[in-house]
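> Give the three-dimensional model of this entry:
(one chain, ligands or ions: 1)
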Amino acid sequence: MKVAVYPGSFDPVTYGHLDIIKRASQMFDKVIVAVMCNSAKTPLFTLDERVKMIIESVSELNNVYVESFSGLLIDYCKKENIHIVIRGLRAITDFEYELQIAQTNKELSHNEVDTVFLTTSLQYSYLSSSVVKEVASYNGDITPCVPDFVADTLYKKYGFRK
Ligand code: ADP
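Residues are numbered from 1 along each chain as shown. Model (predicted):
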């Protein structure tokens, strides 16, 4: 069985992430979306909130599971016996960082963990969680960027009701 993990902060999940998840679910037997509990970043949403928003967004994809993890991704992969990591690439600006992480993971895992890159669908290439948060914080329209319940959660977080 081909299992892949799609790790990220997902703070919050966007249509860009969901597009990658959907396409990956058609390529692999099982996809685990692994939400990072990363001390280096201060997320807007708690781990629990981020996990719940993804669970709700992927409910129609039968082979997609949502988990969380802390620590090194390669340790999580080893524990779960996963050898494939999925990451999304939006633009050349993502590439340098992603290449560095992918090579580090390959090296640290003694070639046990490889990274598969999926390029963004063009209509989502501009989308990032940070931009969505910024627009929502000014009560701007984020409905083209995230599912409705994610938009509601964001507006509530910033004290707006829509
Ligand atoms: P990070 O894991 O770096 O904190 P995110 O949680 O925002 O970042 O993203 C997780 C993964 O999804 C990364 O590989 C990122 O490049 C990818 N990604 C984010 N937004 C998009 C998008 N609009 N289209 C395709 N891939 C995306």
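> Please count neighbours and contacts with C-alpha atoms only from this point.
Fine.
> For the closest residue in space to residue 13 that isn't next to it in sequence, identify the helix or strand it belongs to.
Setting aside the residues directly before and after it, residue 13 is nearest to residue 54 in space (C-alpha to C-alpha, 6 or more residues apart in numbering), at 6.4 Å. Per DSSP states H and E: residue 54 is located in helix 47-57.
> and if you look at residue 127?
Residue 127 belongs to no helix or strand, assigned by DSSP H and E.
> got the contact list for residue 158?
Contacts for residue 158 were tallied using C-alpha atoms under 8 Å, 6 or more residues apart in numbering; they are 136-137.
> phi, psi of it?
Torsion angles at residue 158 (phi, psi; degrees, to the nearest 10) stand at phi -90, psi 10.
> Residue 59 too?
phi -60, psi -20.
> returning to what we had before: what's the local residue count around the residue nearest to residue 13?
For residue 54, the count of nearby residues is 23 (other C-alpha atoms under 10 Å).
> Which neighbouring elements make contact with the one helix or strand residue 105 maps to?
According to DSSP H and E, residue 105 maps onto helix 92-108. The contact analysis (3 or more C-alpha pairs under 8 Å, 6 or more residues apart in numbering; DSSP states H and E) places helix 92-108 against helix 73-80, strand 114-119.
> Give me the distance from whatever helix or strand comes next after the shortest one to the chain's centre.
In this case it means strand 114-119. Using DSSP H and E, the helix or strand that follows strand 114-119 in sequence is helix 129-137. Mean C-alpha position of helix 129-137 versus that of the full chain (C-alpha atoms, centre = their mean, to the nearest Å) differs by 16 Å.
> Show me what helix 129-137 is in contact with.
Contacts of helix 129-137 (C-alpha under 8 Å, 6+ apart): 10-14, 141-142, 145, 151, 154-155, 158.
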